[in-house]
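> 3D model of this:
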Amino acid sequence: MEEIQNKNEQKEEGTEAAISKQNSFFAVRTTAGQELNVLLMLEVRARTAGLPIYSIVSLPNLKGYVVMETPGLHVVYEAIRGLKHIKGKASGTLKWEALESLLKPKSLIDMLKEGEEVEIIAGPFRGMRARVVGVDKVKNEVSLSVLEASYPLTITVPIDYIRLARKE
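Sure thing, here's the model as predicted:
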């Protein structure tokens, strides 16, 4: 009796592993700014129709697209049929490596270069603009030259105190 249960458990584990290997990621083009609405409509459709959609992701740095994890393209077509704000259908799969690079947050200290303009968002110099003079990755600090000071002023602040200035 125990042997039969063990075999059944092994079959179930094998089926789950096979299903996870078969799942693919598909991108669906949407109206820009409507990604969250499409995501919510897809979730409702998947639950009501019992579609095998394992995840639906809307990435902030991927405007106009929603990514779905499903076993096949036919499930994507069934899910998006007739939905509002859908602009294009998925034609191919996405690789996990491409998605993973979009999901991992990039550290600000790795992106900063000398001479770049930043805005100070905390501390006594909050609201001022500055130019990066040096970056100390070990201490997680940045040396800045304050642009709005009437004389040359260099300060050192933690990386959390700054953000990249918006280009106007």
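
> Next one: the closest residue to residue 25 other than its chain neighbours from residue 140, what distance?
Nearest non-adjacent residue to residue 25, counting by CB to CB, 6 or more residues apart in numbering: residue 94, 4.1 Å away. For glycine as for every other residue, the C-beta is placed from the backbone atoms N, C-alpha and C. Between residue 94 and residue 140 the computed distance is 34 Å (CB to CB, to the nearest Å).

> how about residue 69, secondary structure?
Of the three states, residue 69 takes strand under DSSP: H, G, I helix; E, B strand; the rest coil.

> residues contacting it?
Counting by CB atoms under 8 Å, 6 or more residues apart in numbering, residue 69 touches 23-26, 53-57.

> give me that answer again for 10 Å
Counting by CB atoms under 10 Å, 6 or more residues apart in numbering, residue 69 makes contact with 20, 23-26, 52-57, 75, 94, 96, 99.

> in the sheet, who's paired with it?
residue 25, residue 55 (DSSP bridges).

> Residue 141 now?
As for beta bridges, residue 141 partners with residue 136, residue 158 under DSSP bridges.

> domain assignment for the protein?
As assigned by automatic domain parsing, the chain contains the domains 2-103, 108-164.

> Now stretch 55-69: average pLDDT?
Averaged across stretch 55-69, pLDDT comes to 88.

> Tell me where the chain has helices.
Using DSSP state H, the helices of the chain run over 2-22, 35-49, 73-80, 96-103, 108-111.

> By mean pLDDT, show me the worst of those helices.
Across the helices of the chain, helix 2-22 gives the lowest mean pLDDT, at a mean of 46.

> Perfect, that will be all.
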